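> Provide a 3D model corresponding to the input given below.
(one chain, ligands or ions: 1)
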Amino acid sequence: MDYIRIAKINDFKNKHIKSFSLFGKKIGVVKRKDNSFYAIEISCKHQGADLTAGKIDGTVATCHRHQWKYDLETGKCLNHDSPDLKKYDIQLRGEDLWISFLPLDEWFT
Ligand code: FES
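Reported below is the predicted structural model:
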């Protein structure tokens, strides 16, 4: 699997989530309380709004447009029948965060 450098650890000094564009897709990189990271699609499955623009409480993001809720750690939508947000592999290399080109569910398809 190929990876691309997406951020630096210092980008998360005062933030726990940031959104990035990766090949036209919005990806959220999230810093956990234990300082580990994960990466997940951050566009709402309803109409594509950026979930970082809404309320984020712990791992639960509420879309600011029509209040669909997602668990960002699992990718599951919590209040609608919706496909999961896609998760990406993320690796820490020195001070840099690298993300997989493809979401995890597309690695072997
Ligand atoms: S665009 Fe997110 S709930 Fe409608």
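
> List the contacts of Gly54.
When contacts are counted by Cβ atoms under 8 Å, 6 or more residues apart in numbering, Gly54 is found next to Ala61, Thr62, Cys63, His64, Arg65. Using the backbone N, CA and C atoms, a C-beta is placed for each residue, glycine as well.

> try 10 Å this time
For Gly54, the contacting residues are Cys44, Ala61, Thr62, Cys63, His64, Arg65, Gln67, Trp68, Lys69, Tyr70, by Cβ atoms under 10 Å, 6 or more residues apart in numbering.

> Next: Leu22.
Ile4, Ile6, Ala39, Glu41, Tyr88, Ile99, Ser100, Phe101, Leu102, Pro103.

> May I ask which of these has the most neighbours?
Ala39 (26 neighbours; other Cβ atoms under 10 Å).

> Which other helices and strands does the host helix or strand of it contact?
Assigned by DSSP states H and E, Ala39 belongs to strand 37-41. Using 3 or more Cβ pairs under 10 Å, 6 or more residues apart in numbering; DSSP states H and E as the contact criterion, the elements in contact with strand 37-41 are strand 3-8, strand 17-22, strand 25-31, strand 69-71, strand 87-93, strand 96-103.

> hmm, 8 Å instead?
Strand 37-41 makes packing contacts with strand 25-31, strand 87-93, strand 96-103 when contacts are defined by 3 or more Cβ pairs under 8 Å, 6 or more residues apart in numbering; DSSP states H and E.

> Could you dump the ones you listed into CSV and include distance to the ligand and mean pLDDT?
Rendered in CSV, the data for the helices and strands packed on strand 37-41 read as follows (distance: least, Cβ to the nearest ligand atom, whole Å; pLDDT from 0 to 100):
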stretch, distance to the ligand, mean pLDDT
strand 25-31, 12, 95
strand 87-93, 19, 97
strand 96-103, 19, 95
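
> which one of those strands has the most crowded surroundings?
Comparing the helices and strands packed on strand 37-41 by mean neighbour count (mean count of other Cβ atoms under 10 Å), strand 25-31 comes out on top with a mean of 20.
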